[in-house]
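*Asks:* Structure for this input, please:
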Amino acid sequence: MDFKQLAQKYQTPLYVYDFAHFSEQFNKLKEAFKARKSLICYAIKANSNLSVIKHFANLQSGADCVSIGEVKRALLAGVPKYKIIFSGVGKRDDEIKEALELDILMINVESQAEMQRIEEIAKSMNKEARISIRVNPNIDPKTHPYISTGLHENKFGVDIDTATRMYLQSKQSDYLNPIGIHFHIGSQLTELEPIKEASQIVADLVRKLQKVDIDIKFFDVGGGLGVQYDDEVLIQPYDYAQAILSTLSGLDVTIVMEPGRYLSANGGYFITSVLYEKQNGDRRFVIVDGAMNDLIRPSLYNAYHKIEVLSDNTQVSKANIVGPVCESGDFFAKDVEVPLTKHGDLVVIHSAGAYGFVMSSNYNTRPRPAEVGIINNQDKLIRKRETFEDLIALEKEYM
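*Replies:* Next up, the predicted model:
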């Protein structure tokens, strides 16, 4: 990929996505589950650019959405309504109502109170709400605590006993149709055993529910497959599929997956330009035009991203790669060995295709970067760079 040409054409900071990589990842996962009925629902929260969603829709993907806005993005990008799942731990009444009106596949329920609200809203509309219930299997996913979701200390889902009661209640309701079951123990998972344990616990619950005539049609295993940021040893799609399938003996269900990071992370790059270098005592800083408002993962999670400095200088020393935002937390990397740089050199931050642009902000009144897709070996602008006028458009008339 010619980063210099892209930076010259579109300016920096800039997000670039390799759509061929997206296809390759999707097809690997699809192939691994080909022996069973399955549905891959791309987790839109990872990268919600309409062109990215449309690309996955063209590969026959569904969509996992965590807001009604994401549901509408999915529909706009061409995802069929019968392949859309609405998840999320807190849904407003208007979001539930709109999801029911849009007639999507199912709403993922996270609590007893939420199920009651869905039932009341469905009743007021004289509609049947298709639901799945998110089960929290209390399995340690062995990942970063901020992206762990499968323990009782996390806010997500309900325990097995609560889930059982909820299924029995929903079965008796005229306005709820429990067609699915769901679990998701966390993100950036690199160990197979916790996934298998969780799947076994939830599959056993499905068998119990069958005995009381609750027919679960969709077995949703969530997402979370890890990707390589550094030296992680990854779970292979075949092994992932076999681990889950081994728990489903005797069950006639469609397996639903909700990958996001796995599909998009390593297909994305964040390109930023060196403004200048600065020496504070023995500490070297490379100051770039991108910032934490553009890519927050290093600041938020202390996450590692591979740093590639495009410089003609062969002299290398340790430096902090930092942005111009007025926060000490505004950094991309600390104490990394990089070449000496000059104004205009490029820094390429790898694995930025997931939780990059979607988590960006306008902090410090900074317009968000452009997004470019490499599609069929051609670069295409898929979101223009914001301007100052874009930032104040919703405020001006109220002055």
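
*Asks:* CA atoms of the helix or strand hosting Ala74 as PDB?
*Replies:* Applying DSSP states H and E as the criterion places Ala74 in helix 68-76. Listed next in PDB are the C-alpha coordinates belonging to helix 68-76 (Å, rounded to 0.1, in the frame of the first residue of the first chain):
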ATOM      1  CA  ILE A  68     -31.100   2.100  16.700                       C
ATOM      2  CA  GLY A  69     -28.700   4.300  14.700                       C
ATOM      3  CA  GLU A  70     -26.700   1.300  13.800                       C
ATOM      4  CA  VAL A  71     -29.800  -0.600  12.900                       C
ATOM      5  CA  LYS A  72     -30.700   2.200  10.400                       C
ATOM      6  CA  ARG A  73     -27.100   2.200   9.100                       C
ATOM      7  CA  ALA A  74     -27.300  -1.500   8.400                       C
ATOM      8  CA  LEU A  75     -30.600  -1.100   6.500                       C
ATOM      9  CA  LEU A  76     -29.300   1.900   4.600                       C
END
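
*Asks:* what's the average pLDDT for that helix?
*Replies:* For helix 68-76, mean pLDDT rounds to 98.

*Asks:* Which strands or helices does it pack on?
*Replies:* The helices and strands touching helix 68-76, judged by 3 or more CB pairs under 8 Å, 6 or more residues apart in numbering; DSSP states H and E, are helix 50-58, strand 62-65, strand 84-86, helix 93-102. C-beta here means a position set from N, CA and C on the backbone, and glycine is covered the same way.

*Asks:* now for these, which one comes closest to Lys208?
*Replies:* Among the helices and strands packed on helix 68-76, the nearest to Lys208 by CB to CB is strand 84-86 (23.2 Å).

*Asks:* roughly how far apart are Ile296 and Ser328?
*Replies:* Applying CB to CB, to the nearest Å, the value for Ile296 to Ser328 is 14 Å.

*Asks:* Which one's more surrounded, the two?
*Replies:* Just comparing Ile296 and Ser328: by other CB atoms under 10 Å the higher neighbour count belongs to Ile296, 19 against 8.

*Asks:* what are the pairing partners of the longest strand along the chain, and which direction each?
*Replies:* The strand that spans the most residues within the chain, counting by DSSP state E, is strand 268-280. Using DSSP bridges, the strands paired with strand 268-280 are strand 14-18 (antiparallel), strand 283-288 (antiparallel), strand 346-349 (antiparallel).

*Asks:* List the contacts of Lys30.
*Replies:* Each residue near Lys30 by CB atoms under 8 Å, 6 or more residues apart in numbering is listed here: 38, 40, 59.

*Asks:* now it, what's its secondary structure?
*Replies:* helix (DSSP: H, G, I helix; E, B strand; the rest coil).

*Asks:* got a list of what Ala57 touches?
*Replies:* 63, 74, 77-79 are the contacts of Ala57 under CB under 8 Å, 6+ apart.

*Asks:* again, only using 10 Å
*Replies:* 42, 50, 63, 74-75, 77-80, 83 (CB atoms under 10 Å, 6 or more residues apart in numbering).

*Asks:* can you list those residues in CSV and add neighbour count?
*Replies:* Formatted as CSV, the contacts of Ala57 follow (neighbours: other CB atoms under 10 Å):
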residue, neighbour count
Tyr42, 33
Leu50, 15
Ala63, 29
Ala74, 32
Leu75, 18
Ala77, 21
Gly78, 13
Val79, 26
Pro80, 14
Lys83, 20
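
*Asks:* Averaged pLDDT, the longest strand of the chain. What do you get?
*Replies:* 97.

*Asks:* Touching, Phe117 and Glu110? I think so.
*Replies:* No, residue 117 isn't Phe; it's Arg. No - look at Arg117 against Glu110 with CB atoms under 10 Å: they stay out of range, at 11.1 Å.

*Asks:* Residue most distant from the centroid, this structure?
*Replies:* Gly281 (40.2 Å; CA atoms, centre = their mean).

*Asks:* where along this protein do the helices fall?
*Replies:* In the chain, the helices defined using DSSP state H lie at 3-10, 19-32, 50-58, 68-76, 93-102, 112-125, 160-172, 192-210, 237-245, 261-264, 297-301, 388-392.

*Asks:* outside of the last one, which residues touch it?
*Replies:* By CB under 10 Å, 6+ apart, the list of residues contacting helix 388-392 from outside reads 362, 365-368, 384, 396, 399.
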